[in-house]
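J.: model this:
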Amino acid sequence: MKLELFQTIYENNIISKTKDIFEFQPDEGRENQIINLYPEIEYQAIEGFGGAVTEAVGQVYSLMNEKQRQEMIHEYFGKEIMKYCMVRIPIDSCDFSVSHYEADSDEKDEKLENFSFLRVEKSILPVLDAAEKEHGKRIPIMLSPWSPPSFMKTNQKRNQGGKLKEKYAGRWAEYICRYIEEFRNRGYLVAMLTMQNEPKAVQPWDSCVYTPTEQKVFLKEYLYPALKEHNLTDIEIYLWDHNKERAYEWVKEMLDDEIRDMVAGVAVHWYSGDHFEAVRILKEQYPWLKILTSEACIEYTKFSNVTTLRNAQKYAHDLIGNINQGMNGFLDWNILLNEEGGPNHAGNHCEAPFMFDRQRRELSKKESLHYLWHFSHFIEPGAKRIGLSTYCQDVEATAFKKDSKVILILLNRTDKDIPVYVRMHHKNVLVNVKAQSIMSGVITRIKKG
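T.: Sure, this is the predicted structure:
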């Protein structure tokens, strides 16, 4: 067997990459500094990796020249680098919109005759079209609403939470179906849906709150019947779409025999901390449900915009922790933002893997892009997580297999090099996991003759 090793190292504020090839040697009974791989032990399959295309993404994309656009789209959605294969798109405006917008704000328009898709067509579809052209086929889309139209809510505005008025629940379900059909009638593949982004959060931007019971009633009595009437029940519905720390309680209260067959999975965010155990509990209690991270980003209100290595390491740490407890897929937040981390009509600026400086007209890559590459490039859809054991907490690890290859990812966030003997099938190989580095190893059998 051989190990092809790709390592990203951060030294003296510079990112460097190395590639080495090692051959496994017979295991002579070593007990220390070992990471064991057990490819015969299989866990969940991976759906894929991707990111969000918001109006903010589209607005920044429109400012770039054609070469810059092609570079970004090729890196994300081509077959050689990031290999993104999913996108998330908001239903109407979110915080990462230039301003508020609704497809239909007319309270008297019960049949949605004035429904307008213009904001989506102007800002989001050009990015989606370029991504699909590069990808070579339709890309599965997850749609998520941040708020119903203002007139449908108890507070009469998109911001500051508020609730959906019961008398508009049926029209809101029809509104969501109309959004799906606008995409599908243009040939796009809407494959996933969450009912509400962050249903527990009262935000100074587009938001709406539900209790689990309220959302269950909306799904059972309004949304699913509407999807059925419009022949849209092939769309996978994901519960929650909020932070991990309360995901289990929400699903436990919502999910019963009446709606079990309507639900495909659970969507989670990372903003309240690791809570990897919450992912494990969800997978143990509801093994038939898929678990997707539907949003993650570095918020400048919480994290520095200059410690980009730490920000990148946060992605890797979260991915490894979630994957090892049962996560099936990952959707990053905005794939592109400007140098401020916007535009954002609420001033809620964040980091993105690609950022464009409007004054200098320069497109730059953040360290997070290099770290995400170690996951999205090597862990392809259909890959299954395998069993492993590690010898210390300083090296975080996860492993997968697909076809004849085994993929191992190692993260070292410490300031010291750490030796590791990778052991599989009674053979091992010594690798040096450099300080402040992440590495991906591809293990294949050496062909003889």
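
J.: and the residue sitting nearest the centre point of the chain, which helix or strand is it part of?
T.: By Cα atoms, centre = their mean, the chain has its centre lying nearest to L331, at 1.3 Å. Counting by DSSP states H and E, the element that carries L331 is strand 329-334.

J.: got the contact list for that strand?
T.: Strand 329-334 has contacts (Cβ atoms under 8 Å, 6 or more residues apart in numbering) with 46-52, 54, 56-57, 86-88, 96, 142, 290, 292-297, 319, 322, 350, 352-353, 372, 375-376. C-betas here are computed from N, CA, C, even on glycine.

J.: now the residues you listed: which count as buried?
T.: Applying 16 or more other Cβ atoms under 10 Å to the contacts of strand 329-334, the neighbour count classes 46-52, 54, 56-57, 86-88, 96, 142, 290, 292-297, 319, 322, 350, 352-353, 372, 375-376 as buried.

J.: narrow those residues to those in helices?
T.: Counting by DSSP state H, the part of these found in helices is 56-57, 319, 322, 372, 375-376.

J.: returning to what we had before: flag every buried residue along the strand holding L331.
T.: In strand 329-334, counting by 16+ other Cβ under 10 Å, buried: 329-334.

J.: show me how far that strand is from its chain's centre.
T.: 2 Å (Cα atoms, centre = their mean, to the nearest Å).

J.: what lines up beside it in the sheet?
T.: Strand 329-334 sits in its sheet next to strand 48-52 (parallel), strand 290-295 (parallel), going by DSSP bridges.

J.: measure the closest residue to P145 other than its chain neighbours to H426 for me?
T.: Among residues not flanking P145 along the chain, I91 sits closest, at 3.9 Å (Cβ to Cβ, 6 or more residues apart in numbering). Taking Cβ to Cβ, to the nearest Å as the measure, I91 falls 53 Å from H426.

J.: again, but for F378
T.: 24 Å.

J.: before we move on, the earlier item: look at I91 and H426 and report which has more neighbours.
T.: I91 (23 against 8; other Cβ atoms under 10 Å).

J.: on that earlier part again, out of the buried residues of strand 329-334, which comes closest to M195?
T.: L331 (16.3 Å; Cβ to Cβ).

J.: in this structure, where's the longest strand?
T.: strand 34-45 (DSSP state E).

J.: now that one: mean pLDDT?
T.: The average pLDDT within strand 34-45 is 97.

J.: name the strands paired with it and say parallel or antiparallel.
T.: Sheet pairing of strand 34-45 (DSSP bridges) gives strand 384-389 (antiparallel), strand 418-424 (parallel).

J.: buried residues of that strand, list them for me.
T.: 35, 37, 39, 44.

J.: contacts for it next, please.
T.: By Cβ under 8 Å, 6+ apart, strand 34-45 touches 283, 326-328, 382-391, 395, 397, 399, 401, 406, 408, 410, 420-424, 428, 443.

J.: residue contacts, the closest residue to M192 other than its chain neighbours?
T.: In space, and not counting its chain neighbours, M192 is closest to M142: 3.8 Å by Cβ to Cβ, 6+ apart. M142 is in contact with 86-89, 191-194, 238, 267, 292, 294, 331, counting by Cβ under 8 Å, 6+ apart.

J.: again, but for I259
T.: So I259 contacts 216, 219-220, 224 (Cβ under 8 Å, 6+ apart).

J.: at 10 Å instead, please
T.: 215-217, 219-220, 224, 237, 239 (Cβ atoms under 10 Å, 6 or more residues apart in numbering).

J.: same check on H425?
T.: 1, 24, 27, 37-40, 406, 443, 445.

J.: that one and M1, how far apart?
T.: H425 is 7 Å from M1, where distance means Cβ to Cβ.

J.: mutual contacts of these two, please.
T.: With Cβ under 10 Å, 6+ apart as the test, H425 and M1 both reach 24, 406, 443, 445.

J.: show me those residues that map onto strands.
T.: Per DSSP E, those map to strands at 406, 443.

J.: wait, which of the shared contacts of H425 and M1 is closest to F303?
T.: Closest to F303, out of all of the shared contacts of H425 and M1 and judged by Cβ to Cβ, is V406, at 33.6 Å.

J.: my read: the closest one touches F400, true?
T.: Yes. Assessed by Cβ atoms under 10 Å, V406 is found in contact with F400 at 7.2 Å.
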